[in-house]
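**Q** quick one: sequence and predicted model below, then my questions.
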Amino acid sequence: MNLKTSAIIALVLTLIFITSWEFYWRSQGRVPTVDDDKYLFAASRAKVDKLTSDDIIIVGSSRVMFNIQLDEFEKLTGVKPIQLANVGSSPLPVFHDIVNNTDFKGTVIVGVTPGLFFSTTYPKASPIEWPQSRVDYFHKRTLSERFNHWLSIPLQENFVFIATHGEVLDDNVDLKTLLNNVEINNRTGRPRYPEFFEFGSVRRDRNVRMTVETSTDTVAANKIKKAWKFILGGENPPPDKNSTTAFFEQDAKTFKARGGKIIFVRSPSSGFFEQGEAMFLPRERFYDSLLTVVNSPGYHYQDYEQLKTIDCCPEWSHLSAENADTFTKELVKIMLNDNVLPTTKAD
């Protein structure tokens with residue numbers, strides 16, 4: 001057998017394996033999605049330098065990623081926001097970066113998830129360290145890293161088996177995750193982290209929509225709920241309202257002084273989250289106080305009939321894709337009526 005024949009056989013076998021692997025995961029209900037990693041965040045962050053005062057940036061945590069749908073927003077305003085929120089994160093590091101490292105003076109929509117916004121300013125705490133690491137990466141990324149990510153996007157958008165996820169999730173299809181999911185007796189005696197999987201589909205513009213499985217399958221939603229209870233049921237430090245408010249206030253003053261606008265958004269929550277937020281992070285003491293200190297408009301879902309009657313939420317914290325469309329439309333209409341949003345859409 002000559003070298004050419006061997007190469008052809010190897011290529012054919014490789015294609016058969018890859019095709020079979022791809023079809024297998026699609027048969028399991030998986031669909032291609034872009035990984036919301038530091039590379040994708042950096043690509044969106046890079047757009048900020050070209051924005052004008054008529055543009056909009058979104059910062060915050062996963063609720064504004066799921067609940068504010070960029071296409072629906074653009075349909076009503078003519079402006080497509082730049083999504084710079086991050087899952088499980090405080091908006092403080094990203095907003096600080098925008099204020100201190102750019103000349104942007106447009107509108108920043110700040111998603112307020114009380115347990116994250118008011119969590120801490122400690123640099124090593126996860127809600128701060130995680131988004132800060134992404135900001136740091138943006139400022140030091142190389143041209144080759146940018147090019148490699150650009151090449152990977154079409155592959156991620158079209159193939160399920162392309163596993164580039166930077167986070168450890170139980171539904172990743174890379175070999176490391178598959179091996180980690182093999183059941184082995186718990187020899188340490190420590191509580192096992194509940195099964196957790198990616199329940200949002202991500203586009204290259206970082207628009208996120210809840211998967212159909214999560215919004216329609218109670219078994220899937222209950223797995224997420226179990227994980228939320230595990231995370232919040234541990235020993236967590238108390239919120240640091242004073243430090244977080246003061247930190248944001250200082251940046252807000254600088255941003256507004258150069259002509260920037262800030263709009264706060266409090267997304268819906270239900271069940272375990274809604275009860276916990278009402279008990280430990282009461283609106284009057286935290287959210288309302290923040291609006292007073294910063295002196296910027298805010299939109300709390302409980303204040304508007306068309307927002308608080310939207311069905312929320314399959315796993316207590318995020319809206320289904322269809323309800324996120326509705327939430328975005330109604331929220332934007334309210335904002336436009338209040339004349340707080342820039343718009344390029346003709347009347």
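**A** Good, I have the coordinates.

**Q** mind showing which ranges of the stretch 1-150 of the chain have poor pLDDT?
**A** 1, 21-23, 25-30 (pLDDT under 70).

**Q** now swap in the stretch 201-347 of the chain and tell me
**A** 345-347.

**Q** and the helices in it?
**A** 212-216, 218-232, 241-257, 271-280, 287-294, 305-308, 321-337 (DSSP state H, counting those that start in this stretch).

**Q** counting by contacts, list what the shortest one packs against.
**A** With contacts taken as 3 or more Cβ pairs under 8 Å, 6 or more residues apart in numbering; DSSP states H and E, helix 305-308 sits against helix 321-337. Bear in mind the C-beta positions are built from the backbone N, C-alpha and C, glycine included.

**Q** the helix it packs on - contacts with which helices or strands?
**A** Using 3+ Cβ pairs under 8 Å, 6+ apart as the test, helix 321-337 ends up in contact with helix 62-67, helix 70-77, strand 208-210, helix 212-216, strand 298-300, helix 305-308.

**Q** quick one: buried residues of it?
**A** 321, 323-332, 334-335 (16 or more other Cβ atoms under 10 Å).

**Q** circling back: let's have the helices of the stretch 201-347 of the chain in CSV, adding distance to V79.
**A** Formatted as CSV, the helices of the stretch 201-347 of the chain follow (distance: least, Cβ to Cβ, whole Å):
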stretch, distance to V79
helix 212-216, 28
helix 218-232, 32
helix 241-257, 18
helix 271-280, 30
helix 287-294, 22
helix 305-308, 21
helix 321-337, 10
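
**Q** contact partners of whatever helix or strand W150 lives in?
**A** Taking DSSP states H and E as the criterion, W150 maps to helix 143-158. Where contact means Cβ atoms under 8 Å, 6 or more residues apart in numbering, the residues beyond helix 143-158 that reach it are 32-35, 39-40, 42-43, 162, 164, 204.

**Q** contacts only, for N323.
**A** Applying Cβ under 8 Å, 6+ apart, the residues contacting N323 are 310-312.

**Q** so how do I select the buried members of those residues in ChimeraX?
**A** Selection of the buried residues among the contacts of N323 in ChimeraX, burial being defined by 16+ other Cβ under 10 Å:
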select :310,312
